[in-house]
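>>> model this:
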Amino acid sequence: MSILTAIDPASAEPKAKALLDGVQKKLGVTPNMMRVLAVNPAVLGAYLGFGGALAGGKLGAKLHEQIALTVAEQNGCDYCLAAHSLLGKGAGLSPSDILSARSGEATDLRAAAALEFARKLVANRGASRDDVETARAGSLGDAEIVEVIASVALNIFTNYLNISADTDIDFPPAGKQKQAA
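Next up is the predicted model:
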């Protein structure tokens, strides 16, 4: 059970209710993470604004979901793994794409470069000059590199929130990543 308050949309304060109603309209559900964020409408609004802005970026929904899976796996966030496995499927990822993304891998060279860069960002708490050059060599331009950094930052936020809150998972469980033999 979540150790932080999850706001009931029906009794939320007006600003939180408006934001939660927007989430419900867009997704058809109000995920528990959004309900936890709604305890502070400014934070929920910031999260939705940041995510919405990135949705209009250069990487596309599929690659953003792959980044989210890479980051969630590294941070051990079961809530985000479950959510982004489902959202990734909706964005066009196959089950094997989802498993590969959890390992920071992809068959597409551009996606593979982005996921490797994202993985290094998390592991090193920032990228080195060599990591940026490797991302560039993988066909990522500076605008895409900045967007990968932004996507990683947004996903670290949700990972830390859900781990700290012990948010009740309301998506099909992603399961554990199979260890290589």
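
>>> buried residues in the helix or strand harbouring Leu161?
Using DSSP states H and E, Leu161 sits in helix 142-165. Of the residues in helix 142-165, those scored as buried under the neighbour-count criterion (16 or more other CB atoms under 10 Å) are 144-145, 147-152, 154-156, 158-159, 161-163, 165. In this view, the C-beta of every residue, glycine as well, is placed from N, C-alpha and C.

>>> same check, this time on stretch 165-172
With burial defined by 16+ other CB under 10 Å, the residues of stretch 165-172 counted as buried are Ala165, Thr167, Ile169, Phe171.

>>> repeat that for stretch 36-56.
Neighbour-count burial for stretch 36-56, counted by 16+ other CB under 10 Å, picks out Val36, Leu37, Ala38, Val39, Pro41, Leu44, Gly45, Tyr47, Leu48, Leu54.

>>> number of nearby residues for Leu86?
The local packing count at Leu86 equals 15, with neighbours defined by other CB atoms under 10 Å.

>>> could you find the closest non-adjacent residue to it?
Closest residue to Leu86 apart from its sequence neighbours, by CB to CB, 6 or more residues apart in numbering: Phe171 at 5.0 Å.

>>> same thing with Val39?
Thr5 (5.0 Å).

>>> returning to that earlier point: any idea which of the buried residues of stretch 165-172 is closest to Leu59?
The shortest approach to Leu59 among these belongs to Phe171, at 22.3 Å (CB to CB).

>>> pLDDT weak spots in the protein?
Low-confidence segments of the chain, defined by pLDDT under 70, are located at 178-181.

>>> one more time with 90
1-2, 127-128, 175-181 (pLDDT under 90).

>>> okay, now the domains of it?
Residue ranges for each domain of the chain read 11-55, 61-165, as given by automatic domain parsing.

>>> please, where are all the strands along this structure?
Taking DSSP state E as the criterion, the chain carries no strands.

>>> spatially central residue for it, please.
Taking CA atoms, centre = their mean, the centroid of the chain lies closest to Ala68, which sits 3.5 Å from it.

>>> how near is the residue nearest to that one when sequence neighbours are not counted to Ser2?
Excluding the flanking residues, the one nearest Ala68 by CB to CB, 6+ apart is His84, at 4.2 Å. Separation of His84 from Ser2 (CB to CB, to the nearest Å): 19 Å.

>>> of the two, which one has the most company?
Shown here are His84 and Ser2; by other CB under 10 Å, His84 has more neighbours (30 against 16).
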